[in-house]
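> missing the sequence, but the structure's below:
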């Protein structure tokens, strides 16, 4: 399994999709720890660093999170992280900041999950 991950990372590096420092980080672990998000005036700190899994599929780097209903594909790690920040901020504003009586039961579960992952600061 690890050999396949390393082969995909090498492919991404050779295609110019990942810079060497990020490639070296991914060689040790296919996850990027995200301790906080500062995005569009929103300041969030994860209770435990969010472990952003990264896979290489063709010419794209991809992050999936079924609990957040996310599939993000970009041409570089930097764009992937930016897109994750954008998506997480959108979910946070639409669910975590909403009043429970404004949300359907499944949306309340999403809110509870988001709140279990992070908190707003500042």
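Perfect, thanks for sending it. The model shown is predicted, which means the values in this text are computed figures rather than measured ones. Numbering: from 1, shown residues only.

> Where is the longest helix in this structure?
What stands out as the longest helix in the chain, according to DSSP state H, is helix 77-91.

> Which residue, other than its chain neighbours, is closest to residue 63?
Nearest non-adjacent residue to residue 63, counting by C-beta to C-beta, 6 or more residues apart in numbering: residue 72, 4.8 Å away. For glycine as for every other residue, the C-beta is placed from the backbone atoms N, C-alpha and C.

> Please tell me I have it right and that neighbour contacts residue 87.
Yes: assessed by C-beta atoms under 8 Å, residue 72 is found in contact with residue 87 at 6.4 Å.

> need the strands for this protein, in chain order.
Taking DSSP state E as the criterion, the chain carries its strands at 31-39, 42-53, 55-57, 60-65, 70-74, 118-120.

> Looking at these, which one is packed in the most?
Across those, averaging neighbours per residue (mean count of other C-beta atoms under 10 Å) puts strand 60-65 on top, at a mean of 18.

> Please name the residues that touch the closest residue to residue 55 other than its chain neighbours.
In space, residue 55 comes closest to residue 62 once its chain neighbours are excluded; the distance is 4.8 Å by C-beta to C-beta, 6+ apart. Residues near residue 62 by C-beta atoms under 8 Å, 6 or more residues apart in numbering: 54, 55, 56, 71, 72, 73, 80.

> For residue 119, name its beta-bridge partners.
Legend: beta-bridge partners of residue 119 under DSSP bridges are residue 45.

> coming back round to it: include mean pLDDT and distance to residue 96 when you put the strands of the chain into CSV, please.
CSV is the format used below for the strands of the chain (pLDDT from 0 to 100; distance: least, C-beta to C-beta, whole Å):
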stretch, mean pLDDT, distance to residue 96
strand 31-39, 92, 12
strand 42-53, 96, 9
strand 55-57, 87, 27
strand 60-65, 93, 15
strand 70-74, 96, 15
strand 118-120, 98, 8
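
> I am finished for the moment; much appreciated.
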